[in-house]
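Participant: take this sequence and fold it.
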Amino acid sequence: MAAPWVWKDGEVIPLAEANIPIATHSLHYGAAVFEGIRCYDTEWGPAIFRLPEHLQRLFYSASVFHITIPYTAEQLTEAVWRVILENGTKNGIWNWYIRPIVYVDSGLGLKQDYRTRKISTAIILESWEKSNNSRGASVQISRWRRIPPQSTDVEAKIAGNYANSELAIQDALAQGYDNAILLDLRGFVAEGTGENIFVVRRGIFLTPPRGTILSGITRDTILTFLHDQGFTTREEALERGELFSSHEIFSCGTAAEVTPIVRIDGAIIGAGIEGPFTIMVKKRYDQIVHGRDDRYRDRWLTFIPLPREEHGYESIEEETAVPNSKMS
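Facilitator: Model prediction:
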């Protein structure tokens, strides 16, 4: 469900008023960049997971397109706070999927040159119920190959890049699958349609290396805490056939969080159910994003100050003192 209030070009306005003209450049040419970020309702109040890293990537993505975002990271941080507070205080919802998007606005004509056109920035929210993904996903290996780094910047979240993913997932859905896995041009495993892939074999966690994938922030989170817990992780090229001999496979991403993959092209993976290593990763990830792991709370969570009447705190000052109120 989309939140009723959005932030657009410096103002919080009703969603119904956040319209764009049909001549908007980015609608025609895909010249937009965006992020997917999560806000979680924790026992200390709403907290945004790894906000600085997401904003850093947003600015990187814009630079690839020679787009100058007309706001600083600090201003966008405040904007995210504002739109969450505007929606949360009115409907009591604090679990949000956050979508900042930077796009080339409308102008005269449909020429591809957008150097003189206005750059607009918006932040929209969606309220997502926590999905029960323990049953596992059934996916297909797509006939479409992951767009190569020679054709785009695979580390940038460019709207146009996701046409590649849309081709794959729409094929998969039409054939009764939940999602798809794309191979790269060499035939090695790349990623899902919006998720990174992990394979578990004999207790070792394997994931495709950087180069043809978007090396996601969730992927980095999982690699970090697995290393900190003493597990062996490897970033290495995985052949298609290695998927079918794996003990467990899961995908991960900001939206998907951690999702077990139990069937590929109809073949059962491992025991055909969510495996113990996937369960462990999912539980650890859930603890971290909800602030229940002291090692990562100050490092990865940005807490939004709330008054007592909205979230049970004595005062804003008390809330911001526990556990963290700084922009890291």
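
Participant: just give me the residue closest to the centre of this protein.
Facilitator: Closest residue to the average C-alpha location of the chain: T254 at 3.2 Å, with CA atoms, centre = their mean.

Participant: which residues touch it?
Facilitator: By CB atoms under 8 Å, 6 or more residues apart in numbering, T254 lies in contact with G36, I37, R38, F49, Y97, G216, I217, T218. Heads up, the C-betas are built off the backbone N, CA and C, glycines and all.

Participant: mark which of these are buried, thanks.
Facilitator: Among the contacts of T254, the ones that count as buried by 16 or more other CB atoms under 10 Å are G36, I37, R38, F49, Y97, G216, I217, T218.

Participant: out of the residues you listed, who's nearest G241?
Facilitator: Taking CB to CB as the measure, G241 lies nearest G216 of the buried ones among the contacts of T254, at 24.5 Å.

Participant: which helix is the longest one in this structure?
Facilitator: Counting residues, the longest helix found in the chain (DSSP state H) is helix 73-91.

Participant: ok, and for that helix, which residues are buried?
Facilitator: Buried residues in helix 73-91, defined by neighbour count with 16+ other CB under 10 Å: 73, 76-77, 79-88.

Participant: widest-spaced pair of the contacts of T254?
Facilitator: Using CB to CB, the pair of the contacts of T254 lying farthest apart is Y97 and G216, separated by 14.8 Å.

Participant: and the strands in the stretch 201-328 of the chain?
Facilitator: Secondary structure of the stretch 201-328 of the chain (DSSP state E, counting those that start in this stretch): strands at 204-207, 233-235, 248-253, 257-264, 267-268, 301-303.

Participant: as a markdown table, those strands with mean neighbour count and distance to D171 would be great.
Facilitator: Converted to a markdown table, those look like this (neighbours: other CB atoms under 10 Å; distance: least, CB to CB, whole Å):
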| stretch | mean neighbour count | distance to D171 |
| --- | --- | --- |
| strand 204-207 | 19 | 24 |
| strand 233-235 | 14 | 28 |
| strand 248-253 | 26 | 17 |
| strand 257-264 | 22 | 14 |
| strand 267-268 | 12 | 18 |
| strand 301-303 | 23 | 37 |
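
Participant: would you mind measuring from the residue nearest to the centre of the chain to Y97?
Facilitator: The spacing between T254 and Y97, counted by CB to CB, to the nearest Å, is 8 Å.

Participant: identify the contacts common to these two.
Facilitator: Listed as contacting both T254 and Y97 by CB under 8 Å, 6+ apart are G36, I37, R38.

Participant: which ones among those residues map onto strands?
Facilitator: Among the shared contacts of T254 and Y97, the ones falling in strands (DSSP state E) are I37, R38.

Participant: show me what the helix or strand that the longest helix of the chain is followed by is packed against.
Facilitator: On the C-terminal side of helix 73-91, the nearest following helix or strand under DSSP states H and E is strand 96-104. Secondary-structure packing of strand 96-104 (3 or more CB pairs under 8 Å, 6 or more residues apart in numbering; DSSP states H and E): helix 25-29, strand 32-34, strand 37-42, helix 51-64, helix 73-91, strand 119-126.

Participant: okay, angle between strand 96-104 and helix 51-64 too, please.
Facilitator: Strand 96-104 runs at 20 degrees relative to helix 51-64, counting by axes from the mean of the first three to the mean of the last three CA atoms, to 10 degrees.

Participant: pLDDT below threshold where in the stretch 101-250 of the chain?
Facilitator: For the stretch 101-250 of the chain, the stretches with pLDDT under 70 are 108, 130-132.

Participant: just the helices in it please.
Facilitator: For the stretch 101-250 of the chain, the helices defined by DSSP state H, counting those that start in this stretch cover 162-174, 217-228, 240-244.

Participant: tell me which of the ones you listed is the most buried.
Facilitator: Between the helices of the stretch 101-250 of the chain, helix 217-228 has the highest mean count of neighbours, a mean of 18, where neighbours are mean count of other CB atoms under 10 Å.

Participant: contacts for it next, please.
Facilitator: Helix 217-228 is contacted by residues 50, 53-54, 57, 196, 198, 205, 207, 233, 235, 252-254, 257-258, 281, 284-285, 288, 295-296, 300 when judged by CB under 8 Å, 6+ apart.

Participant: for burial, what's the neighbour tally of T232?
Facilitator: Here the number of neighbours of T232 (other CB atoms under 10 Å) works out to 11.

Participant: nope, R117 is what I meant
Facilitator: Neighbours around R117, by other CB under 10 Å: 18.

Participant: what sits against it?
Facilitator: Neighbours of R117 in contact, by CB under 8 Å, 6+ apart: H25, V104, D105, S106, G107.

Participant: dump those to a markdown table, plus neighbour count.
Facilitator: Converted to a markdown table, those look like this (neighbours: other CB atoms under 10 Å):
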| residue | neighbour count |
| --- | --- |
| H25 | 24 |
| V104 | 22 |
| D105 | 16 |
| S106 | 17 |
| G107 | 16 |
